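K.L.:
Sharing a sequence plus its predicted fold:
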Amino acid sequence: MKKIVLISGSFRKNSYNTALLKYIENKYKEKANIKILDISKLPYFNEDLENSLSPVVISFKKEVESADGIIISTPEYNYSIPGVLKNAIDWLSRGDKKILDRKHAAIMSASLSIIGGARAQVELKKILQSLNMNILYKPDVYVTDSYSKIDDSGKITDSFTRNIIEKLFETFLDKL
């Protein structure tokens, strides 16, 4: 069974991006070993901390290293990705082991806007390309007007959104 880790670029309690990942986790728990990783406890990246990594960073890096693939769901902040997501990627990209090199990745985004986080995905793809990751480019998952497609409990109420997330996950799993 393939191991896939999921990372949300949002800490918000009722995050639309986390809701997308929880949908995958619940729907596909019998098809893959799926785990949502919490990046909220990671310290800010600082080269001074690299020689004495905290247990939180060590655990995070081990989870990603042991995974066959990563799915990231990110909001868009100021035409880019949130700083907390960039911080997590910075921790993963550092050290003697290049744990992201050739690692499979897929990207989704949910946003209140009518473009669904497309600009954040462009920025994230540039970062992941620079780390030599194998990025799944199709299908695209941009959840536009997310407030109308995900209810207050985190349930995805829009059938098109559920279907495109399922297509992304199944395509991703086939590539691993």
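P.N.:
In hand now; what should we look at?

K.L.:
hey, which helix is longest across this protein?
P.N.:
Identified as the longest helix of the chain according to DSSP state H is helix 159-175.

K.L.:
List the buried residues for that helix?
P.N.:
For helix 159-175, the neighbour count (16 or more other Cβ atoms under 10 Å) marks 161-162, 164-165, 168-169, 172-173 as buried. For glycine as for every other residue, the C-beta is placed from the backbone atoms N, C-alpha and C.

K.L.:
Out of these, which comes closest to Asp145?
P.N.:
Set against Asp145, the nearest of the buried residues of helix 159-175 by Cβ to Cβ is Thr161 (10.2 Å).

K.L.:
which other residues reach stretch 139-150?
P.N.:
16, 19-20, 107-118, 121, 156-158, 161, 164-165, 167-168, 171 (Cβ atoms under 8 Å, 6 or more residues apart in numbering).

K.L.:
In helices only, show me these.
P.N.:
16, 19-20, 118, 121, 161, 164-165, 167-168, 171.

K.L.:
ranges for the helices of the protein?
P.N.:
So, for the chain - with DSSP H - the helices run 16-27, 55-65, 83-93, 118-130, 159-175.

K.L.:
what's next to the last one, contact-wise?
P.N.:
It stands for helix 159-175. 2, 4, 20, 23-24, 27-28, 31-32, 69, 71, 104, 106, 108, 134, 136, 138-139, 141, 143, 149-150, 156.

K.L.:
If I take it and helix 16-27, what angle do their directions form?
P.N.:
60 degrees (axes from the mean of the first three to the mean of the last three Cα atoms, to 10 degrees).

K.L.:
average pLDDT for helix 159-175?
P.N.:
If you average the pLDDT over helix 159-175, you get 98.

K.L.:
Please save the CA atoms from it in PDB.
P.N.:
Taking C-alpha atoms only, helix 159-175 is exported to PDB below (Å, rounded to 0.1, in the frame of the first residue of the first chain):
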ATOM      1  CA  SER A 159     -20.300  17.200  -7.000                       C
ATOM      2  CA  PHE A 160     -18.000  18.700  -9.600                       C
ATOM      3  CA  THR A 161     -15.400  19.500  -6.900                       C
ATOM      4  CA  ARG A 162     -15.700  16.000  -5.400                       C
ATOM      5  CA  ASN A 163     -15.300  14.500  -8.800                       C
ATOM      6  CA  ILE A 164     -12.200  16.500  -9.800                       C
ATOM      7  CA  ILE A 165     -10.500  15.800  -6.400                       C
ATOM      8  CA  GLU A 166     -11.200  12.100  -7.000                       C
ATOM      9  CA  LYS A 167      -9.800  12.200 -10.500                       C
ATOM     10  CA  LEU A 168      -6.600  14.000  -9.200                       C
ATOM     11  CA  PHE A 169      -6.100  11.400  -6.400                       C
ATOM     12  CA  GLU A 170      -6.700   8.400  -8.600                       C
ATOM     13  CA  THR A 171      -4.400   9.700 -11.300                       C
ATOM     14  CA  PHE A 172      -1.800  10.500  -8.700                       C
ATOM     15  CA  LEU A 173      -2.000   7.000  -7.100                       C
ATOM     16  CA  ASP A 174      -1.600   5.400 -10.600                       C
ATOM     17  CA  LYS A 175       1.600   7.400 -11.100                       C
END
